[in-house]
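**Student:** need coordinates for the following:
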Amino acid sequence: MNIDTPRVFIAATRQNDGKTTTSLGLLAALHKTYPRIGYIKPVGQRFVEIDEQKIDEDTVLMDRVFRLNCPLVDMSPIAVEPDFTRKYLQSANYDALVKRIEKAFDRVAWEKDFVLCEGSGHAGVGSVFDLSNATVARILGAKAIIVTQGGIGRPIDEVALNQALFEKEGVEIIGVILNKVLPEKVEFVTEFARRGLKRKGLELLGVLPHLPILARPTVDSIREELRAESLNGSQLGLRLVDDVVIGAMSVQNAMRFFQPGVLVITPGDREDIVQAAAASGQKDTGLAGIVLTGNLRPSEATLETIRGLSFPVLLAADDSYEVASKVHNLIVKTRPADTKKIQVIFDLIEQNLDIPKILKAL
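**Tutor:** All right, here's what the predicted structure looks like:
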């Protein structure tokens, strides 16, 4: 396997700590030093089907943002399907999986100056089929960066657990990134987290302030989660959602919530709320959108009104409670079409990470 191309392995202490955000921004920052960059997510757990191949969704994001000129199947060699673990435990094929990862990395690294390897969670994820993140980092011969959420006590405790497993596998940890720190606490957290990590022999590579925009879903991501029908065109789906309101009230009361960034969830037969939203503000209230629930399709006259609105209207099969629950529990992932968010991420990483320190460690 290629051992010459510089590489780094990005891990996290838990799900949704900001590993993909860090990977996205770090690739952009390192691209200024390494003109030809590569990316691989050796073991992926959230995938989409492209040309009958199961490809991790983060791989699709990186490829579309950076145009990596490499087959997607090589950048996402192992997709953990629902029955993957059961099949492995029945008849382990560890050597075959390792060879698949090694060959995929060779193809990803071909004629590249640098390769970023993204893990799938904390150091132990994948242990059940003998491919924990720590093990994969060792297989790839990569040094690791650990991403964790902001704070001092709990993040350092969790980093210590991950550190133990990486060290057991002989993987060097370059340092730690603290993510989602309240802006007013960045200075305080930076000072004391650096002290705490130093006691563990670890470097603090940067502290990323919490930016609300990165936690806000787009209407389009909600549509996909709900498997909802767009009633007036998908081109409106990039609106960001700041707040959610269930329209189980009179029209007069509902109109108080017609504010910029608000997503209104209401039964599909509440055509009065749709018409009120259309009439308010010359058809543009600044609403993020409306979700009509219960698969109750409005009348043709209301549908005609909906088609002329400047915000998206969706029709979902679930009832209002189920829709609200799914929106609340939605894991917000950056998508290729989220160009505004992606630029924010690029700036966030460049301004808050010690890129020279990372380059020196590589």
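**Student:** any stretches of this protein with poor pLDDT?
**Tutor:** Residue ranges of the chain with pLDDT under 70: 234-235, 281-285.
**Student:** now with 50?
**Tutor:** Applying pLDDT under 50 to the chain picks out residues 282-283.
**Student:** distance of Ile139 from Val125?
**Tutor:** From Ile139 across to Val125, the span is 15 Å (CB to CB, to the nearest Å). C-beta coordinates here come from the backbone N, C-alpha and C atoms, glycine included.
**Student:** for Ala324, same thing?
**Tutor:** 30 Å.
**Student:** kindly report the same for Asp83.
**Tutor:** Noted for Asp83: a distance of 18 Å to Val125, by CB to CB.
**Student:** who has more neighbours, the two?
**Tutor:** Taking neighbours as other CB atoms under 10 Å, Asp83 and Val125 compare with Val125 leading, 21 against 9.
**Student:** check which helix or strand covers the more buried one.
**Tutor:** For Val125, there is no host helix or strand (DSSP states H and E).
**Student:** residue contacts, it?
**Tutor:** Neighbouring residues of Val125 by CB atoms under 8 Å, 6 or more residues apart in numbering: Gly119, Ser132, Asn133.
**Student:** and Leu202, what is it in contact with?
**Tutor:** Val159, Gln163, Ile173, Gly175, Val176.
**Student:** can you tell me which two in those are farthest apart?
**Tutor:** Pairwise distances among the contacts of Leu202 were taken by CB to CB; the largest, 11.0 Å, belongs to Gln163 and Gly175.
**Student:** okay, these two: which has more neighbours?
**Tutor:** Using other CB under 10 Å, the more surrounded residue of Gln163 and Gly175 is Gln163, with 22 against 19.
**Student:** wait, that one touches Lys200, no?
**Tutor:** Yes: with contact defined as CB atoms under 8 Å, Gln163 counts as touching Lys200 (6.4 Å).
**Student:** identify each buried residue in stretch 343-359, please.
**Tutor:** Of the residues in stretch 343-359, Val344, Ile345, Phe346, Leu348, Ile349, Asn352, Leu353, Ile355, Ile358 count as buried by neighbour count, 16 or more other CB atoms under 10 Å.
**Student:** ok, back up a step: overlap in contacts, Gln163 and Gly175.
**Tutor:** Ile146, Leu202.
**Student:** circling back to that earlier point, which one of the contacts of Val125 has the most neighbours?
**Tutor:** Counting neighbours by other CB under 10 Å, Asn133 leads the contacts of Val125 with 31 neighbours.
**Student:** break this structure into its domains for me.
**Tutor:** 7-211+336-361, 217-328 (automatic domain parsing).
**Student:** export these as a markdown table, with columns for distance to Met1.
**Tutor:** Formatted as a markdown table, the domains of the chain follow (distance: least, CB to CB, whole Å):
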| stretch | distance to Met1 |
| --- | --- |
| domain 7-211+336-361 | 4 |
| domain 217-328 | 37 |
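**Student:** phi, psi for Asn179 please.
**Tutor:** phi -120, psi 160 (degrees, to the nearest 10).
**Student:** so it sits against Ser23, correct?
**Tutor:** No: under the criterion of CB under 8 Å, Asn179 is not in contact with Ser23, lying 11.9 Å apart.
**Student:** now the strands for the stretch 101-250 of the chain?
**Tutor:** Under the criterion DSSP state E, counting those that start in this stretch, strands of the stretch 101-250 of the chain are mapped to 114-118, 143-149, 173-181, 204-209, 229-230, 243-246.
**Student:** of those, which is nearest Val48?
**Tutor:** Per CB to CB, nearest to Val48 of these: strand 114-118, 16.0 Å.
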